[in-house]
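> Below are the sequence and a predicted model for it; my questions follow.
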Amino acid sequence: MAEGREIVEELHRVLDVRPFQSFAIVIDNGERYEVTGPFQVAIGQNTVVLRPGKVSDHLPIRRISKLEIPETAI
C-alpha cells in the first residue's frame, strides 16, 4: 500500500495530464472508483472527495491503496 503523501502527489500528477486520461482509485478492500474527468476529484488534507454524479464519495487517503493509471497517462 502506498503512503498517503505519495498517493496525493500521484493524484495531483495524473489530474494535471493534458489531455486528461481516465483512471481508477482503488481502496484497501478492492473497491474501484472510476475518475473520468479532472473536476470530479477534490483533494483534502486527509480525504479525497469524488463526485462522479449527484452523490459524492468521501475516501480517507489512508484507505487508498493505489491508482490504476493507463500507460498513456504516465
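Perfect, thanks for sending it.

> Helix, strand or coil: sort out residue 52 for me.
What DSSP: H, G, I helix; E, B strand; the rest coil gives for residue 52 is coil.

> distance between stretch 17-28 and the chain's centre?
Here stretch 17-28 shows a centroid-to-chain-centroid distance of 6 Å under the convention C-alpha atoms, centre = their mean, to the nearest Å.

> who's in contact with that stretch?
For stretch 17-28, contacts defined as C-beta atoms under 8 Å, 6 or more residues apart in numbering pick out 1, 11, 14, 32-38, 48, 50, 59, 63-70, 72-73. From N, CA and C alone the C-beta is placed, and that goes for glycine too.

> List buried members of those by neighbour count.
Applying 16 or more other C-beta atoms under 10 Å to the contacts of stretch 17-28, the neighbour count classes 11, 14, 33, 35, 48, 50, 59, 63-64, 67, 69 as buried.

> Show me those that map onto strands.
33, 35, 48, 50, 59, 64, 67 (DSSP state E).

> what residues are up against the second one?
Looking back up the chat, that one is residue 35. 22-25, 41, 50, 52.

> Is there a neighbour count for residue 7? I'd like the number.
Counted with other C-beta atoms under 10 Å, the neighbours of residue 7 add up to 21.

> Now do the buried residues in stretch 51-65.
Within stretch 51-65, the residues that count as buried by 16+ other C-beta under 10 Å are 57, 59, 61, 63-64.

> Show me the helices in the protein, by range?
Counting by DSSP state H, one finds helices in the chain at the ranges 4-16.

> Spatially central, which residue of it would that be?
residue 25 (4.5 Å; C-alpha atoms, centre = their mean).

> give me every residue that touches the nearest residue to it once chain neighbours are set aside.
In space, residue 25 comes closest to residue 33 once its chain neighbours are excluded; the distance is 4.5 Å by C-beta to C-beta, 6 or more residues apart in numbering. Going by C-beta under 8 Å, 6+ apart, residue 33 touches 24-27, 50, 52, 57, 59.
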